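> my questions are about this predicted structure, shown below with the sequence.
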Amino acid sequence: MPEWVHIIIRTLISFCAMFVFARLIGKRQLSQITFFEYIVGIAIGDMAAIIPDELDAPLYHGLLPMAVYTALPIALSWVALKSKSARDFLEGHARVLIRDGKILEDNLKKERMSTDELLEHLRSKNVFKVADVEFALMESNGTVNVLVKSEQQPLTPKRMGLQVPPEVEPQAVIMDGQIMDEALATIGFNRAWLKTELEKQGVAVENVFLAQVDATGQLYIDVYEDKLKIPEPQILPLTNITLKKVQADLESFALATADVQAKRMYTEAAERIQQVIDKVGPYLTR
């Protein structure tokens, strides 16, 4: 067998072995890796690179150390799952760096982090004042998570006491000019409805790169021609405005009439319209 063929075969075997061993270690090797897992990954990669070069050595001389390096983090992960103390020893634990706007200098020194590094971590979380921080913790994987004080947190519908409809995944009903019938059926529409909506905006199906329908039934279109401007759907905002106008008109009628029975009728109707606005308003103003 020619030497170059031998090298290619050993390279393919080492690549496949590295792939299998990396999969056995788990997805944490790709995302939230610990320092130990990082070192193991480098070691396995180095061993895989040596296998094609050592043509005189048996193949298992390279595969066996790779298998051992793979088995070690798997075994240690199993031990960490079973014991909190072992988990703290192997993976470390979170450490508070800021509490109630006050930097804990001793903990900062234990993590060997400078003030500049701490401020850099805060800025990466869009926090520029230490006084705005309720808690800042360094996790075992080295990331810093920040909880800002309540008065500095973004205003949400929950904080305002408003009820909003749950988010529902938009469905892509057209991709690359092709209608996706399954997605249409999922949201309860058909091709006739879709073509009607496209006609309203003056767009042909074959010119659509992507079209999505949200939970409210609104169609959003992206066409192949980037310079072509597609008007934003205004049906729901107009519906909301119309409801408010009707409710305001009924209140005006109630104030303008001297008839007690008519005044009561207009007032009750205005209240019913307001109830409708309260219920459907979140859907119409999204």
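Ah, there it is.
> for the rest of this, base every contact and every neighbour count on C-alpha atoms.
Will do.
> tell me the SS of P166?
With DSSP: H, G, I helix; E, B strand; the rest coil as the basis, P166 sits in coil.
> tell me where the model's unsure across the stretch 1-150 of the chain.
1, 26-35 (pLDDT under 70).
> can you rerun that using 80?
Low-confidence segments of the stretch 1-150 of the chain (pLDDT under 80): 1-4, 6, 22-40, 53, 55, 80, 86-93, 140-142.
> would you map the helices across the stretch 151-286 of the chain?
181-186, 191-200, 235-256, 260-284 (DSSP state H, counting those that start in this stretch).
> now stretch 175-191: average pLDDT?
Mean pLDDT, stretch 175-191: 88.
> compute the first-to-last residue distance for it.
14 Å (CA to CA, to the nearest Å).
> E111: which of the helices of the stretch 151-286 of the chain is closest?
Of all the helices of the stretch 151-286 of the chain, helix 260-284 sits nearest to E111, with 46.5 Å by CA to CA.
> and the closest one, what does it pack onto?
helix 235-256 (3 or more CA pairs under 8 Å, 6 or more residues apart in numbering; DSSP states H and E).
> contacting residues around the helix it packs on?
Residues external to helix 235-256 that are found in contact with it (CA atoms under 8 Å, 6 or more residues apart in numbering): 262-267, 269-271, 273-274, 277, 281, 284-285.
> which positions in that helix come out as buried?
236, 240, 243-244, 247, 250-251, 253-254 (16 or more other CA atoms under 10 Å).
> how far away from the center of its chain is that helix?
In terms of CA atoms, centre = their mean, to the nearest Å, the centre of helix 235-256 is found 38 Å from the chain centre.
> now that helix against helix 260-284, angle please.
160 degrees (axes from the mean of the first three to the mean of the last three CA atoms, to 10 degrees).
> which parts of the protein are strands?
Here the chain has its strands, by DSSP state E, at 95-99, 102-103, 133-138, 144-148, 171-175, 178-179, 208-213, 219-223.
> which residue packs closest to K195, ignoring adjacent ones?
Nearest non-adjacent residue to K195, counting by CA to CA, 6 or more residues apart in numbering: V205, 7.7 Å away.
> do I have it right that that neighbour meets T196?
No - contact criterion CA atoms under 8 Å: V205 and T196 do not qualify, at 10.9 Å.
> okay, now the domains of the protein?
As recorded under automatic domain parsing, the domains making up the chain are 3-89, 95-152, 171-229, 236-284.
> residue contacts, the closest residue to I8 other than its chain neighbours?
Take I8 and drop its neighbours on the chain: the residue closest to it by CA to CA, 6+ apart is P52, 7.5 Å away. Going by CA under 8 Å, 6+ apart, P52 touches 7-8, 10-11, 14.
> among the residues you listed, name the ones in helices.
7-8, 10-11, 14 (DSSP state H).
> make a ChimeraX selection of the buried ones in those.
Buried residues among these (16+ other CA under 10 Å), as a ChimeraX selection:
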select :7,10,11,14
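> still on that earlier bit, higher neighbour count, V205 and T196?
V205 (20 against 11; other CA atoms under 10 Å).
> before we move on, the earlier item: can you redo the contacts of P52 as JSON lines with distance to R99?
Formatted as JSON lines, the contacts of P52 follow (distance: CA to CA, whole Å):
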{"residue": "I7", "distance to R99": "58"}
{"residue": "I8", "distance to R99": "57"}
{"residue": "R10", "distance to R99": "55"}
{"residue": "T11", "distance to R99": "52"}
{"residue": "S14", "distance to R99": "49"}
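> from those residues, pick the one nearest L219.
S14 (50.3 Å).
> so what's the closest residue to the closest one other than its chain neighbours up against?
Excluding its sequence neighbours, the residue lying closest to S14 (CA to CA, 6+ apart) is A48, at 5.1 Å. Taking CA under 8 Å, 6+ apart as the contact definition, A48 lies against 14-15, 17-18, 62-63, 66.
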